[in-house]
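Participant: sharing a model that was predicted from the sequence below.
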Amino acid sequence: MVLNIVAFVIAVRWGIVAVAFAYFLRAYLVFPIGQWLVARLLHLPWLTYLRQFVAPVLSTAVMTAAIVGLQSLLGDSLRLLALIIVNMIAGAVVYGLSIVVIAPDLYQGLRKLARLALGCLTGLMGCYSIRLLRSVV
């Protein structure tokens with residue numbers, strides 16, 4: 001929080017783009033420290049902890065490549081709103097399929113979590129504790 005404020009105060013004289021860059025730079029410089037501390041608190045080796053990020057990062061890279069390719073393919077043929085909608089749908093589909101291919105166990109866990117959440121929406125009272133116990137046991 002303090003680093004954000006300091007970075008913003010320094011960058012504000014160069015405009016909003018500089019403030020955004022300062023936020024980005026602060027986040028990337030501080031991220032490894034936070035992740036190292038979490039790994040220590042969990043008593044895990046740092047690399048073991050960081051392995052959980054591999055599938056989402058790879059899926060994000062595949063999704064980004066697909067969206068950039070789609071935008072260059074479509075060019076100016078669509079209005080801006082239509083292009084945004086097409087990119088959102090394509091990005092979600094590509095990301096989802098990438099997770100299924102790269103980390104099927106993660107996908108299965110997400111499916112269980114989604115089923116739990118949808119089940120809770122239908123029977124709101126007491127569903128969390130009962131269904132959570134069923135999924136754990």
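Facilitator: Yep, that arrived. Residues are numbered from 1 along each chain as shown.
Participant: switch to C-alpha atoms for all contacts and neighbour counts from now on
Facilitator: Noted.
Participant: which stretches of the protein form helices?
Facilitator: Using DSSP state H, the helices of the chain run over residues 2-11, 16-41, 46-50, 54-74, 80-102, 104-122, 127-136.
Participant: would you turn those helices into a markdown table with mean pLDDT and mean neighbour count?
Facilitator: Converted to a markdown table, those look like this (pLDDT from 0 to 100; neighbours: other C-alpha atoms under 10 Å):
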| stretch | mean pLDDT | mean neighbour count |
| --- | --- | --- |
| helix 2-11 | 87 | 14 |
| helix 16-41 | 89 | 14 |
| helix 46-50 | 83 | 13 |
| helix 54-74 | 94 | 15 |
| helix 80-102 | 94 | 16 |
| helix 104-122 | 82 | 13 |
| helix 127-136 | 53 | 12 |
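Participant: what's the closest non-adjacent residue to the spatially most central residue of the chain?
Facilitator: The centroid of the chain falls nearest to residue 56 when counting by C-alpha atoms, centre = their mean (6.9 Å). Nearest non-adjacent residue to residue 56, counting by C-alpha to C-alpha, 6 or more residues apart in numbering: residue 99, 7.2 Å away.
Participant: pretty sure that neighbour contacts residue 108?
Facilitator: No - in this structure, residue 99 is not within contact of residue 108 by C-alpha atoms under 8 Å, at 10.0 Å.
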